[in-house]
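Visitor: Following is a predicted model, sequence given first.
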Amino acid sequence: MLGGFSLLGMMTRRFTSLASLAALLFALALPAAHAADHSDWTTPIAPFKISGELYYVGSRDLGAYLVHTPQGNILINANLESSPALIKASVEKLGFKWADTKILLSSQAHYDHVAGAAEIVKETHAKYEVMDGDVQVAEDGGKSDFDPTLDHFPGAHVDHVLHDGERISLGGVTLVAHKTAGHTKGCTTFTMETREGGVLHHVVIVGGWAANPGVRFVPTGGKAASYPGIKEDFEKTFVTLKGLPCDIYVGAHGVYFDMLEKLARVPKEGDKAWVDPKGYQQAVAEHEASWRKELAKQQAAK
């Protein structure tokens, strides 16, 4: 999910029209359980190439990514229970075969990113690989999630448990799975290298960098932290994110990386529209500052 919607300050500064800002503020006012009603989560968008063999196959905001290789494809994120048809259509519009999806990965085990996994595995027979920490939630459909306010979803059997730093290779392409926990216990940021026009790009696919409303990092108001070690997980996550080499960054939601604004620049700038190393570092810094502000608030209320 949007991670406590702590992106507000960053996105408010970047949104270019009052109409867009008004729509955003309305969306952020929605309770978490109803956030999936936001039209951008289900509205199709034409799939597009980002860099090298990395393609976007999600909706206007729910990020899904296809990594094409000669031996089949890797899909990152299954999104909502209704999303598989949209993702499949995008994959096929790009000229790839849905049945060639060999590996399914997940950024985070929240319903808006994994609810479609069971259907995708059923249709493609892809191997479902999930980071340790998120496996139980992915398999039981959210019943064991530390945030009880989130919607449940059809669980899917996990074929392989990933661990921090594990390499996922297929057809000569390698992704690295970085455990960036806190948003979920096994929230995962993937990195890979692409080449475009002979230029090497370091790509970061952000899993999540904030918390949903009501998540407790420390005991607050007579209640325990949302899960033991959540504060330490977030601390480690920001250290990890700041240390990743990055030329291009994308993420579990389009708003993470100003997707629509950058996409509008592609006709003039080509793939250079996606190159944004300063934007990545700024986004990480802003999310860390927002998290530390909320942490201090909770610590003061103990």
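Guide: Here it is on my side, so go on. Numbering: from 1, shown residues only.

Visitor: Now tell me what touches stretch 266-283 from outside.
Guide: 10, 48-51, 196-197, 201, 204, 209, 242, 246-250, 256-258, 262-263, 265 (C-beta atoms under 8 Å, 6 or more residues apart in numbering). Where C-beta positions appear, they are placed from N, C-alpha and C, glycine not excepted.

Visitor: what mean pLDDT does the host helix or strand of Val250 have?
Guide: Applying DSSP states H and E as the criterion places Val250 in strand 248-251. Averaged across strand 248-251, pLDDT comes to 98.

Visitor: Using PDB, list the CA coordinates for that strand.
Guide: In PDB, the C-alpha atoms belonging to strand 248-251 read as follows (Å, rounded to 0.1, in the frame of the first residue of the first chain):
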ATOM      1  CA  ILE A 248      16.800   4.800 -12.700                       C
ATOM      2  CA  TYR A 249      14.200   4.100  -9.900                       C
ATOM      3  CA  VAL A 250      10.700   2.800 -10.100                       C
ATOM      4  CA  GLY A 251       8.500   1.200  -7.500                       C
END
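
Visitor: Mind listing what's buried along that strand?
Guide: 248-251 (16 or more other C-beta atoms under 10 Å).

Visitor: Would you convert the residues you listed into TSV that also reports distance to Ala300?
Guide: Formatted as TSV, the buried residues of strand 248-251 follow (distance: C-beta to C-beta, whole Å):
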residue	distance to Ala300
Ile248	38
Tyr249	33
Val250	35
Gly251	30
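
Visitor: Helix, strand, or coil at Gly133?
Guide: Assigned by DSSP: H, G, I helix; E, B strand; the rest coil, the conformation of Gly133 is coil.

Visitor: Chain neighbours aside, what residue packs nearest to Lys93?
Guide: Among residues not flanking Lys93 along the chain, Pro47 sits closest, at 5.6 Å (C-beta to C-beta, 6 or more residues apart in numbering).

Visitor: what sits against that neighbour?
Guide: By C-beta under 8 Å, 6+ apart, the contact set of Pro47 is 55-57, 66, 90-91, 93-94.

Visitor: and those, which of them are in helices?
Guide: Within the contacts of Pro47, residues falling in helices by DSSP state H are 90-91, 93.

Visitor: of those, closest to Phe217?
Guide: Closest approach to Phe217 among those (C-beta to C-beta): Ser90, at 36.5 Å.
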